[in-house]
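Student: I would like to see how this sequence folds:
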Amino acid sequence: MIDRLCKLIVDQHEGKKLAIPAAGQQVWWWFRELDSQRTGNGYGPNALGFQAIGEWARLRGLVLKQWQLDAILAMDLKRREIMAPKDEPEPEKPKVSERPLSARLFDALFPSKGKGGH
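Tutor: Reported below is the predicted structural model:
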């Protein structure tokens, strides 16, 4: 069940139609509520964490079963993996000739503009 709920996070991110399994619907809606209260740090979303989940459950009058807590934590991890900024590819370095720079090569690359040469 937890894997299926985590797959929903990916499907949601990709804009696919969600097929929420009946056994996971309540946990899905709980996660959505928690996820909507999440803060960010500039490097992606912050983790929900046990304190936030515990406080939310207390306010809602809920006692989560172990698998429900595990599912929320797994979906949180999947959300953060998806939303974390991807590393920018390094710009391509300019190609450098392996030929040593001689006076003749320099003159060929940068010809003088006057008759007198240098």
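
Student: Quick one: low-confidence residue ranges for the protein.
Tutor: For the chain, the stretches with pLDDT under 70 are 42, 88-89, 114-118.

Student: Could you pull out the helices in it for me?
Tutor: Using DSSP state H, the helices of the chain run over residues 2-13, 25-36, 49-60, 66-83, 103-109.

Student: Any idea which of those gets closest to Pro91?
Tutor: For the helices of the chain, the distance to Pro91 is smallest for helix 103-109, at 23.8 Å, taking Cβ to Cβ. C-beta: built from backbone N, CA, C; applies to glycine.

Student: could you dump that closest one to CSV, C-alpha only?
Tutor: Extracted C-alpha coordinates of helix 103-109, given in CSV (Å, rounded to 0.1, in the frame of the first residue of the first chain):
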residue,chain,number,x,y,z
ALA,A,103,55.3,33.1,-32.3
ARG,A,104,54.4,31.9,-35.7
LEU,A,105,51.0,30.5,-34.4
PHE,A,106,50.4,33.7,-32.5
ASP,A,107,51.0,35.8,-35.7
ALA,A,108,48.6,33.5,-37.6
LEU,A,109,45.9,33.9,-35.1
